[in-house]
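J.: Sequence plus predicted model, see below.
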Amino acid sequence: MVDEIHVRDGGVLTIEAGATLKFSPNTAIYVGESGSGKLVAKGTAQDPITLTSQSGLSTDEGWYGLEFLQGTASGSQVGYTTIEYAGGNFDAAIVGESGMPKNSVTLDHVAINNLIDSSSAGIQVIDSTSSFVVTNCTLDGAPYTP
């Protein structure tokens, strides 16, 4: 079980292919919160990464998901990753906060399934100064179009 993860002060969090991380309710991975931070989560088609809630149920509070902040370092990437039961406190499972450097994060072959709140978006940026590079992503099995 994983509690909150903060990637900051020049840190890099690398999540290896095939890893499964189960998050406690009301937790998240925060990237670039205080100083520079980078997330590199590179699964493969044969060995995807899974980020999920500890219970694996859509009836609990879930975990928040990924939050990219203004210190997010260029080259951050999430690939061949499934994100499940997220969005518990955010408006989406993956959030680009105000000030996140434009196109600093690539999302490729990310599947977002079973959002906790049905009104949540899969991927959201807070303002027009921020954006993700999004390719081959799905939301509950349907192609995601940003």
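T.: Yep, it's here.
J.: just how off-centre is the helix or strand bottoming out on mean pLDDT in the chain within its chain?
T.: Least confident helix or strand, the chain: strand 142-143 with a mean of 82, by mean pLDDT, DSSP states H and E. Centroid separation for strand 142-143 versus its chain: 17 Å, with CA atoms, centre = their mean, to the nearest Å.
J.: How about residues contacting that strand?
T.: Here strand 142-143 makes contact (CB atoms under 8 Å, 6 or more residues apart in numbering) with C137. Where C-beta positions appear, they are placed from N, C-alpha and C, glycine not excepted.
J.: what do you get if the cut-off is 7 Å, keeping everything else the same?
T.: By CB atoms under 7 Å, 6 or more residues apart in numbering, no residue outside strand 142-143 reaches it.
J.: Give the partner strands of it in its sheet and their orientations.
T.: Paired neighbours of strand 142-143 in the sheet (DSSP bridges): strand 138-139 (antiparallel).
J.: So for the partner strand, mean pLDDT?
T.: For strand 138-139, mean pLDDT rounds to 93.
J.: Any idea how far that strand is from the middle of the chain?
T.: 13 Å.
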